[in-house]
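Student: Got a predicted structure plus its sequence, pasted below:
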Amino acid sequence: MSNSKVDFSNTKVAFHLKKDAELERAYFLFKMISNEPLVRIGTAATNFALKTHLPVEGLIRATVFDHFCGGVNAEDCMTKIDQMYNSGVYSVLDYSVEGKQEEEQFERILNQMCTLVDFADEKEAMPFAVFKPTAVGRFEIYKKISNAIALTPEEQQEWERIRERFHKICSYGKEKNIAILVDAEESWMQSAADDLLLELMRTYNKDKVVVYNTLQAYRWDRLEYLKQIHLKAKKESFKLGFKLVRGAYMEKERARAKRLDYTSPICISKSATDLQFNDCLKYMLDDIETISVFLGTHNEQSTQLALNHMSNYKIKVNDNRVWFGQLFGMSDHISFNLAKNGYNVAKYMPFGPVRDVMPYLIRRAEENTSVAGQTNRELSLIREERKRRKL
C-alpha cells in the first residue's frame, strides 16, 4: 500500500515535459483566460474571424490549439501521447468536432470511432475511446425521447440508427478490449442517453466494464440516480462504469430553467456540487466489485479524498477499476504527480481540424474564466516553476 498523500505542489514533476518556451506560452494563455472581458472579446473576434474566413488558423494553432489539443488528426497526436506515456500518463483521444447534424456526419464519426478503437488497440498508451451522444445522433431526437414526446415513424427509424451506432462502437470496444467512455450533455436530452447506456451496460458489462456513462455532479439528482441503477445492476448481475465529473453546461442549464420556469437541475452552490461529487465518489469506491470509476476532476481535494478512500478500502493504487482523468493542457500538477505515485491517470486529448475544434476551445476558455480559482492555481504553479528554473 503506498502512502495515499500525494504532493500536488511538486512543479518539477508537473511541468517536466514542458520546455521553457512552452511554459511561457502556458503562462501567457492562463493570464489571458483569467481576464473575463478579454475572453469575451477574444471569443467574439475568433468566431467572427472563422465565419468570415480570415486567415487566423495559424495563430490559433500556435497558441490555444497547441496548448489544449493534441493535433489535427490522430497521427498528429502521437508525439505527445508517447511523451506522456513515458511518464506514466495515458491518453484518451477525443475527436472534438461538435454541432454537426447530418446523418452522413454521424456515419463518419461512427467510422472515426472504430478507427480510434483500432488505434487504441495498437497502442498501450490508450486504454479508452470516447464520444458524445450527439456526435452520432441529432440532439432533437434525444430531447424528444427524454421528454416523452412521441417520435414520427421517420424519427423512430433515426433513433434505431442511433442505437445501432452506439452498439457498433461498444461491441467493437469489447472485441478489442478497449473501454468506451460516453460523455454527458444537457439535462433535457440526457435521459434518453442514460437509458440507452443502461441497455448497453446490460449487454457489454457482464464480466468486466466496457461501457462507461458520465455522471455530472452539478446535477442534484445524480447520487439518487446512481443508487437506482446500481440496484438494477446488482439484481441483473451486470457491472456499472461511470465517469464522474462536475459538469460543463451550468450557465446554459440555469438560464434555460429560468426562461422556461422549471426547477433548475443544477445544485444551488459550488459547495453543494462538491458535496454531490464526493458522495458519488465514495458510493462508487465503496462497491468497486460492481462499479468501475473514471474520476474526471481538476479538484485537488476530491482527488485526495479518492486516494484516502482507496487506501482505507485497500484498493491498490493501480487497480484497473479506478482511473483519474484531467484535460490535456490543464492540471498537470495533478496528472503527473498521481502517475509518479503509481495511480492510473489518463489525459483527455482533444483533436480535429482547427476550425471544427473551436467550439470546444471556446467552452474551455469560458469554463476556466468562470472557475476563477482554477486559472489562478494554474498561474501560481507556473510562476513557481519559472522561479525554480531560474534558480
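Tutor: Good, I have the coordinates. Numbering: from 1, shown residues only.

Student: Point out the other helices and strands that the helix-or-strand element of the chain with minimal mean pLDDT packs with.
Tutor: Taking mean pLDDT, DSSP states H and E as the measure, the chain has helix 354-370 as its least confident helix or strand, at a mean of 78. Judged by 3 or more Cβ pairs under 8 Å, 6 or more residues apart in numbering; DSSP states H and E, helix 354-370 is in contact with helix 20-33, helix 36-51, helix 57-60, strand 345-351, helix 372-390. C-beta here means a position set from N, CA and C on the backbone, and glycine is covered the same way.

Student: residue ranges with poor pLDDT in the chain?
Tutor: Residues of the chain that meet the criterion pLDDT under 70 lie in 1-3, 98-100, 367-372.

Student: swap the cut-off to 90 and go again
Tutor: 1-5, 29, 31-64, 96-102, 248-251, 354-376 (pLDDT under 90).

Student: right, and the helix or strand after the helix or strand where residue 226 lies?
Tutor: Taking DSSP states H and E as the definition, one finds residue 226 inside helix 222-235. Counting by DSSP H and E, the element after helix 222-235 in chain order, helix or strand, is strand 240-245.

Student: I figured residue 31 hits residue 382, correct?
Tutor: No - the pair residue 31 / residue 382 is not scored as a contact, 9.2 Å apart, by Cβ atoms under 8 Å.

Student: Which one's more surrounded, the two?
Tutor: Ranked by neighbour count (other Cβ atoms under 10 Å), residue 31 and residue 382 place residue 382 first, with 24 against 14.

Student: Identify the residues contacting the closest residue in space to that one that isn't next to it in sequence.
Tutor: Nearest residue to residue 382, sequence neighbours excluded (Cβ to Cβ, 6 or more residues apart in numbering): residue 27, at 4.8 Å. Counting by Cβ atoms under 8 Å, 6 or more residues apart in numbering, residue 27 makes contact with 379, 382-383, 386.

Student: give me the element the closest residue to residue 14 other than its chain neighbours is part of.
Tutor: Setting aside the residues directly before and after it, residue 14 is nearest to residue 333 in space (Cβ to Cβ, 6+ apart), at 3.9 Å. Residue 333 is located in helix 332-340, with elements delineated by DSSP H and E.

Student: who are the neighbours of that helix, in terms of helices and strands?
Tutor: helix 11-14, helix 300-312, strand 322-327, strand 345-351.
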